[in-house]
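Student: Sequence and predicted structure below; questions after.
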Amino acid sequence: MGTGTGGDDSLYPIAVLIDELRNEDVQLRLNSIKKLSTIALALGVERTRTELLPFLTDTIYDEDEVLLALAEQLGSFTVLVGGPEFVHCLLPPLESLATVEETVVRDKAVESLRKISQEHSPVDLEVHFVPLVKRLASGDWFTSRTSACGLFGVCYPRVSSTVKAEIRQHFRTLCSDDTPMVRRAASSKLGEFAKVLELDYVKSDIIPLFTALASDEQDSVRLLAVEAGVSIAALLPQEDLEDLVMPTLRQAAEDKSWRVRYMVADKFSELQKAVGPEITKNDLVPAFQNLLKDCEAEVRTAAANKVKGEVLPEDSRETIIMTHILPCVKELVSDTNQHVKSALASVIMGLSTILGKDNTVEHLLPLFLVQLKDEYPEVRLNIISNLDCVNEVIGIRQLSQSLLPAIVELAEDAKWRVRLAIIEYMPLLAGQLGVEFFDEKLNSLCMAWLIDHVYAIREAATCNLMKLVEKFGAEWAQNTIVPKVLGMANDSNYLHRMTTLFCINALSEVCGQEITTKHMLPVVLKMSTDQVANVRFNVARCLQKIGPVLDSSALQAEVKPVLEKLATDQDMDVKYFALEAISGMYLFNLPTYIFSETFSFSSILFFFFSFSLSP
Amino acid sequence: VSLASPHPALEMSAISASEKVDGFTRKSVRKAQRQRGCQGSSQFAASSSRPAAPEISALPQLKDASSTEQHELFMQKLQQCCVMFDFYDTVTDLKSKETKRATLSELVDYVSTNRGVLVEPVYPEITTMVSTNIFRTLPPSENPDFDPEEDEPTLEASWPHMQLVYEFFLRFLENPDFQPSTAKRYIDQKFVLQLLELFDTEDPREREFIKTVLHRIYGKFLGLRAFVRKQINNIFLRYIYETEHFNGVAELLEILGSIINGFALPLKAEHKQFLMKILIPMHTAKGLALFHAQLAYCVVQFIEKDPTLTEVVVRGLLKFWPKTCSQKEVMFLGEIEEILDVIEPTQFKKIQEPLFKQISKCVSSPHFQVAERALYYWNNEYILSLIEENNAKILPIMFGNLYRISKEHWNPTIVALVYNVLKTLMEMNSKLFDELTASYKCDRQREKKKEQEREELWRKLDELRLQETSAIQNNRHEIQFTYKNTTKILTKEIFLAVRAILRHMSKL
């Protein structure tokens, strides 16, 4: 594997690298590390193995940032050292990196080691990789043992049974390590490791470890074991679950540390899935009730998110929710903590599809109404944003009387983000409440948003009008909103005049040619003489936008002269947008304008047709 | 009338008064509850499903009891104080809460003024009472982005009781009759571990008490010392590398400061490891400002104990020198000055070059507080004498930057300070100073040239890299076959570029 170079020349790249690696400036050292692959490529595979890697291994005393870059680079170095056959050459530097203190460096080194472990042949794995894992696992300082935890899982499936036994032994040792840092690492990798173990060993090895970690003296260890418990439960046959994992999981749900209980609540859906419907019904439901009543708001919030119980057995889901979950939900509706209520509000509507019409009317409706009057806007918004679930079951009219005040209040909230959020639900609400209700109660809100002092609200209001017209049709638009929108063209505030133009941009297409030509176009054209330049150039943009909706006679007779006039406006921007509109609409004969050279074939075709069609 | 039982009439009137002003009081109670949420009540885990605390009624006063009854009464009172009350519920159990407060306060008096009361059977009762009252899982922080420097800490709601429990426990530990050999069965590793976790409390009053308690335990229980140190190490390591959050770092460091003070010489490897693997990396923490004074004190203690540690410490600090945070840089400069104050001249020689390279960067910092802090070194007599002694080494390192900022710095105070420093340096060695002034321009030009050449070199390497990646992409499928050839070509090109540049460089 010669590199084709000889003599002293070949020393230069590495000399430059070393020179830069020793530079005082970290940035320069970092640069040179990031170019490591270039240097390796220049050196060739053999010298990379024999010179570059030993050099790197020896010089790992640098700043963490440099080490991080190095750890990352080495993960994709296999081809540069000569392919999978030589990949084990990368192990020594990565081993050192896996022992440094800084967590990000160590994690990156472990990530790279995991990556290159796949490139090892089974033999190399046993000869080179596994010994490294063992060395790390029995290192003096906690960092190397922590790193080792992440490496067992990747080598276990591909080694002989003797080595497997050793690996299991090492993992066991780390699970009862003296330092909590190592136990945390082991606890977080327990699930992953269990997945690659044979079922018998899961029962004989993993279960005792799981039980021990789940009752560790440190809650940070215990909470990680909860997640492992979910993975382990999924691996075991149904009949073993009760004996092997349930006692531990039950205990975790009642742990004295809220962090552990939070973890159980947070992983509840996964947990249900893993243990199956029977155990869920008998065991997890009572535990869940307690979590919903937990004394810490954090736990209640996490639990409230799961009240829909997606994984409950189909046949008994309704009964379970009615008898066990709903009473807790009723309490949560008036919880003292806003995050709990808002989490509940985002899922509570989903219960109606499960419970059916009668139960919803009787039990859930009162709760929705309470939440619609909640003091926190987020809670109210979450209810409104999920109205569609209820609509399917009982129809929204049941709620309309209570919805209105809630909507009005949100629509006038002092925070513009809240106003923005409610606007986004308007089309949905309008569709569900029907046109009469809308005209009567909500229309004025929608128009008021058009003159909001925040641009984002005005913009959203414009878009909202378009969606409303899509729902209610052009005729409705002509009678209800178009006159109001056009009326704003005479407003003394130029921002409101511009809003008219933005509305026309949005509405012309849904309103159709007739309304656009008859009602909107005259207003737009009249505004071309507005004294504010911003209005004038928006007229140009508007004309371009509505052009496709108009017929050619209107374009030629009315739009063209106005745009031509704007194209000679004294304001630079007005001129620019007028010219752009003209070119964009292909309004005129080819030789007239300088843009001709940029016309494409399709635009020439367009001209051809418009000529042949015109009388 | 015993002090322990509150006047029933007072009790009644308090309640009826709050009933009368109904709207206002209730509203404010509700508001307080809402603001606090259920925060801090972890002690009452699952309290809603648990029966309410049993009512406790006042027992006779200890001082009124005969000496034979006293012991039994003492035990009863300890047991009574194990009943816990929810302080977030401000309306219930008012009477029992007051009874417990009075009892605790009586117990404090009892153990601090009486001799011969600490007989063996009370040890487990006392430990149980203390454990029940203070050990708890700390609640989630009310403010998830709690910034100890900015925000008000959340105070422990049950403090009226808890304070007395801590006080009682301290008096117990400090009682002349206290027998560590008896107590060690109850105040064991598990006890200490739980105590250490409490250092994370947001309430500074509680941390202050735990600090004193831990200090006493460390002093009296020799068998627990190594364990305490190891667990503190674990807390610090978790703080540095995992969570970056722990409220009691300053207090723990304060204890360690006095522990380090008592280390025997020569220092054990364990202690040196603690210095290098924990105290020095701790300087990287985001919240350094909260405990820097205590940390610096510990570091200086180590150097005073064993001057041979100076070099590794200073190099360690230089490794973690802040890159972007000027406030931290000022703290580092302060700590270095503290170290220089106690440094031995032979140790100084070992670190002067890397150290003064850093100081030279600091004096030219655009942040005037950093520059000012570094320039203040020249007001320190001892540092000045060290600089003078080694001026041949230090002057060349400092001169360039000092000279430059004397002309360029935006802040007039800095410029004035720099002139003074330059004057001092000139007086130390005027000959060297003149030489440096003369060669300043040349040196700058050489540096600039080198910089350009480096850029050129890397630019060329970049170009090659681009070609290389496109070559690799084109040949992705045949990479195994064409790889060697590609390498050959690229290697040659790199060498031509590099050789040209190196030749050019060697001419200079």
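Tutor: Thanks, I have the structure now. On a predicted model such as this, the values are computed, not experimentally measured, just so you know.
Student: Residue B:174: how many residues sit nearby?
Tutor: For residue B:174, the count of nearby residues is 13 (other C-beta atoms under 10 Å in any protein chain shown). The way it works is simple: take the backbone N, C-alpha and C, and place the C-beta from them, glycine included.
Student: what's the nearest residue to it if we skip its chain neighbours?
Tutor: residue B:216 (6.7 Å; C-beta to C-beta, 6 or more residues apart in numbering or on different chains).
Student: In terms of helix, strand or coil, where does the one you found fall?
Tutor: State at residue B:216, reduced to three classes by DSSP: H, G, I helix; E, B strand; the rest coil: helix.
Student: so how far is residue B:169 from it?
Tutor: Noted for residue B:216: a distance of 9 Å to residue B:169, by C-beta to C-beta, to the nearest Å.
Student: before we move on, what about residue A:303?
Tutor: 36 Å.
Student: same question, residue A:328
Tutor: From residue A:328 over to residue B:169 (counting by C-beta to C-beta), the distance is 39 Å.
Student: Verify the contact between residue A:347 and residue A:308 for me.
Tutor: Yes - in terms of C-beta atoms under 8 Å, residue A:347 counts as a neighbour of residue A:308; the distance is 5.5 Å.
Student: What's the local residue count around residue A:103?
Tutor: 15.
Student: Restrict stretch A:28-40 to CA atoms and write it as CSV.
Tutor: Only the C-alpha atoms of stretch A:28-40 are listed here, as CSV (Å, rounded to 0.1, in the frame of the first residue of the first chain):
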residue,chain,number,x,y,z
LEU,A,28,-5.5,27.0,14.8
ARG,A,29,-5.2,23.7,16.6
LEU,A,30,-8.8,23.2,16.0
ASN,A,31,-8.5,24.0,12.3
SER,A,32,-5.7,21.5,11.8
ILE,A,33,-7.7,18.8,13.7
LYS,A,34,-10.6,19.4,11.5
LYS,A,35,-8.5,19.0,8.4
LEU,A,36,-7.2,15.7,9.7
SER,A,37,-8.8,13.6,7.0
THR,A,38,-7.0,15.7,4.3
ILE,A,39,-3.7,15.1,6.0
ALA,A,40,-4.4,11.4,6.4
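Student: Buried residues in stretch A:325-335, which are they?
Tutor: For stretch A:325-335, a neighbour-count test (16 or more other C-beta atoms under 10 Å in any protein chain shown) marks A:325, A:326, A:328, A:329, A:332, A:333, A:335 as buried.
Student: With adjacent residues omitted, what lies nearest to the third one?
Tutor: Looking back up the chat, that one is residue A:328. Nearest non-adjacent residue to residue A:328, counting by C-beta to C-beta, 6+ apart: residue A:292, 3.9 Å away.
Student: Does the one you found touch residue A:333 like I think?
Tutor: No - with contacts counted by C-beta under 8 Å, residue A:292 stays clear of residue A:333, the gap being 11.5 Å.
Student: anything in stretch B:309-321 sitting right up against chain A?
Tutor: Yes - using C-beta under 8 Å from any C-beta of the partner chain, stretch B:309-321 reaches chain A at residue B:319.
Student: can you give me the mean pLDDT across the helix or strand containing residue B:270?
Tutor: Assigned by DSSP states H and E, residue B:270 falls within helix B:269-274. For helix B:269-274, mean pLDDT is 93.
Student: buried set for it?
Tutor: Buried-residue list, helix B:269-274, by 16+ other C-beta under 10 Å: B:271, B:272, B:274.
Student: export the residues you listed to a markdown table and tack on distance to chain A?
Tutor: Listed next are the buried residues of helix B:269-274 as a markdown table, based on distance: C-beta to the nearest C-beta, whole Å:
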| residue | distance to chain A |
| --- | --- |
| B:271 | 15 |
| B:272 | 13 |
| B:274 | 12 |
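Student: Turn those into CSV, columns for distance to residue B:353.
Tutor: Formatted as CSV, the buried residues of helix B:269-274 follow (distance: C-beta to C-beta, whole Å):
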residue, distance to residue B:353
B:271, 28
B:272, 24
B:274, 28
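Student: Tell me the one among those residues nearest to residue A:367.
Tutor: residue B:274 (56.7 Å; C-beta to C-beta).
Student: Isn't residue A:77 up against residue A:90?
Tutor: Yes - assessed by C-beta under 8 Å, residue A:77 is found in contact with residue A:90 at 5.5 Å.
Student: Name the residues contacting each of those two.
Tutor: residue A:116 (C-beta atoms under 8 Å, 6 or more residues apart in numbering or on different chains).
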